[in-house]
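A.B. asks: can you look at this prediction? I've put the sequence above it.
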Amino acid sequence: MNTEPTDADRYPTLSDAGRAMLRHMREHPAAPLFRNASGNRLLADEVGALRLYERDIAQARFDWHPGSPPPWLDAFVADTFAQVPHYRALGRPSAFQDIHSVHRGDLAADVARFVPDPVPLQRMINFRTTGTTGHPLVLPSHPVVAARYLAYHKRALHRFGITLQHGAGQMGVMLLGMQQRCFTYVSVTPSMGESGLAKINLHPDDWRHPDDRARYIDQMQPEVIAGDPISFAALLQLPVLHRPRALLSVSMALSHGLRTQLAERFACPVLDLYSMNEAGPLAVFDAEAGGHVLLQPGMYVEILDAEGTALPPGQTGEITLSGGFNFCLPLLRYRTGDRGALAMAGDTPMIVGLQGRRPLRYRTAQGQWINNIDLTHALAPLPLSRFVVHQHADGSVQLSLPPGELQHADDAARRLAAALVGQPVQVVPLPHDDKVLQYSSDLAGSQAQ
């Protein structure tokens, strides 16, 4: 029998100050309707270890450059082939470059075979990603892995001269969403003195009054606000007076125009992070360096061509990862689906010309914009391996499904039409091509600029 976790389960080290912070975020008169509950689930010894981890990552240097693998790579490969069922079944090739690359579809097919045998299952976290690649994923993680994100966010902020300071009684980070349906919650960050963390949805349906959105942000005064370009575009429309120390844009490509607008409006640095659920924060854009400077010294990056051959510095290909800080999912020659070229920013590798996932909006029959993630949610109940959604200039939508999954066409079309409030939906077979652009549109204004 499953029982609902208590606050003691969600926050094992919670103090009176932390409990007061949670109450303040939940019960403020302008607070949104928090629809979910979450917590850090960190044990006392893990909190201490995370503080040391953050210090080490802040000081760590990269020990590789394009075309010259790091000294730790051979041991990492040996451990992965010994401990991970997928690789153990293949057998280790004699050369690193002969290791067959994998992609999101491989993880989606059977992610359990990519989890190392020694990982204890008792405290593993499984979370579902929506993404834009056509392969929804359930990814294995752990409370410590989730908490390690902060170390790399701090490293990115430090590059722009920002050291986080908020602690007990203050809100450290506010996460923004802008979706019809969004996971929202409050938590605290033990390694930052139990500073507050809140995930909020800027969609008006999640608030008692639309004006409460700006009131809540102004009253909470988060030190950092994180979101994606769609939620930041919505933030620009609100009369928010608070000025955070930084804005972090994650998960989607951030246009120069939107970054400039945000920087001018909020008078703070706007960090464009290249991040993904499979690997965490990978790089941060630095205009002076001329690219996205890598953040994880424990991640080796290659650029591969279509045949899986590593390309030399300066040549554009698919960004491919080996290593990482998620001990539940070690990556080995993992093709991200994103493209770019490698170069150096001083003594740190960087990605030049990153072509990542773009945020996209779809227009309903009533003329309103909705997030592409809302379309993912609409189709999520169906057993689809992949799909492609394109909106034509007249507003009509074409949904492409694999030929073997066309039995779901009518149901999928009804679900999309409902999410799009009546836009006509046509279903067609999806050509066999693994590298598809899942979301596209002919409508002006579909991308947050």
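C.D. replies: Now that the structure is in, tell me what you want to look at. A quick note: this is a predicted structure, and the numbers were derived from the prediction, not measured. Numbering: from 1, shown residues only.
A.B. asks: flag the shaky bits of the stretch 151-300 of the chain, pLDDT-wise.
C.D. replies: For the stretch 151-300 of the chain, applying pLDDT under 70 flags the ranges 252.
A.B. asks: scratch that, the stretch 1-150 of the chain is what I was asking about
C.D. replies: Judged by pLDDT under 70, the stretches of the stretch 1-150 of the chain that qualify are 1-2, 130-136.
A.B. asks: strands of that one, start to end?
C.D. replies: 125-129, 137-141 (DSSP state E, counting those that start in this stretch).
A.B. asks: would you mind listing the buried residues in the last one?
C.D. replies: By that I understand strand 137-141. For strand 137-141, the neighbour count (16 or more other Cβ atoms under 10 Å) marks 137, 139-141 as buried. All C-beta atoms are positioned from the backbone trio N, CA, C, and that covers glycine.
A.B. asks: relative to Glu54, how far out is Tyr171?
C.D. replies: Residue 171: Met, not Tyr. Met171 is 19 Å from Glu54, where distance means Cβ to Cβ, to the nearest Å.
A.B. asks: between these two, who's got more neighbours?
C.D. replies: For Met171 versus Glu54, the count of surrounding residues by other Cβ atoms under 10 Å is larger for Met171: 25 against 21.
A.B. asks: who touches that one in this structure?
C.D. replies: Shown in contact with Met171 (Cβ atoms under 8 Å, 6 or more residues apart in numbering): 21, 25, 195-198, 220-223.
A.B. asks: just the buried residues of those.
C.D. replies: Buried among the contacts of Met171 (16+ other Cβ under 10 Å): 21, 25, 195-198, 220, 222-223.
A.B. asks: just grab the bridge partners of the closest residue to Arg361 other than its chain neighbours for me.
C.D. replies: Leaving aside its sequence neighbours, Arg361 sits nearest to Trp369 (Cβ to Cβ, 6 or more residues apart in numbering; 4.2 Å). Bridge pairing for Trp369 (DSSP bridges) gives the partners Arg363.
A.B. asks: now Trp369: how far from Leu360?
C.D. replies: In terms of Cβ to Cβ, Trp369 sits 10 Å off from Leu360.
A.B. asks: quick one, which of these two is more surrounded?
C.D. replies: Between Trp369 and Leu360, Leu360 has the larger neighbour count (other Cβ under 10 Å), namely 25 against 17.
A.B. asks: so the more buried one makes contact with Gln447?
C.D. replies: Yes - taking Cβ atoms under 8 Å as the definition, Leu360 is a contact partner of Gln447 at 6.1 Å.
A.B. asks: what residues are shared contacts of these two?
C.D. replies: Common neighbours of Leu360 and Gln447 (Cβ under 8 Å, 6+ apart) are Ser441.
A.B. asks: gap between the two ends of stretch 175-183?
C.D. replies: End-to-end distance for stretch 175-183: 11 Å, by Cα to Cα, to the nearest Å.
A.B. asks: buried sites along that stretch?
C.D. replies: 175-182.
A.B. asks: check stretch 197-207 too.
C.D. replies: Buried residues in stretch 197-207 (16+ other Cβ under 10 Å): 197-203, 206-207.
A.B. asks: ok, so of those, who is nearest Ala365?
C.D. replies: Set against Ala365, the nearest of those by Cβ to Cβ is His203 (18.3 Å).
A.B. asks: now the closest one: how far from Asp338?
C.D. replies: His203 is 28 Å from Asp338, by Cβ to Cβ.
A.B. asks: repeat that for Ala289.
C.D. replies: Ala289 is 18 Å from Asp338, where distance means Cβ to Cβ.
A.B. asks: show me where the stretch 151-300 of the chain has strands.
C.D. replies: Per DSSP E, counting those that start in this stretch, the stretch 151-300 of the chain carries strands over the ranges 171-177, 185-189, 195-201, 224-227, 246-249, 270-276, 280-286, 291-294, 299-304.
A.B. asks: out of the ones you listed, which is closest to Pro71?
C.D. replies: Among the strands of the stretch 151-300 of the chain, the nearest to Pro71 by Cβ to Cβ is strand 299-304 (10.7 Å).
A.B. asks: need the residues that contact the helix or strand just after the closest one.
C.D. replies: Following strand 299-304 in sequence order, the next helix or strand is strand 317-323 (DSSP states H and E). Strand 317-323 has contacts (Cβ under 8 Å, 6+ apart) with 72-73, 76-77, 101, 278-279, 282, 296, 298-306, 311, 330-341, 351, 354.
A.B. asks: what lines up beside strand 317-323 in the sheet?
C.D. replies: Sheet pairing for strand 317-323, assigned by DSSP bridges, gives strand 299-304 (antiparallel), strand 331-345 (antiparallel).
A.B. asks: state the distance from Phe327 to Pro116.
C.D. replies: Distance, Phe327 to Pro116, using Cβ to Cβ: 7 Å.
A.B. asks: ok, the closest residue to His86 other than its chain neighbours - contacts?
C.D. replies: Among residues not flanking His86 along the chain, Arg113 sits closest, at 4.2 Å (Cβ to Cβ, 6+ apart). Applying Cβ under 8 Å, 6+ apart to Arg113 gives the contacts 84-86, 89.
A.B. asks: distance check, Arg113 against Leu107.
C.D. replies: Look at Arg113 and Leu107: by Cβ to Cβ, they are 9 Å apart.
A.B. asks: cool, Pro281 as well?
C.D. replies: Using Cβ to Cβ, Pro281 is found at 19 Å from Leu107.
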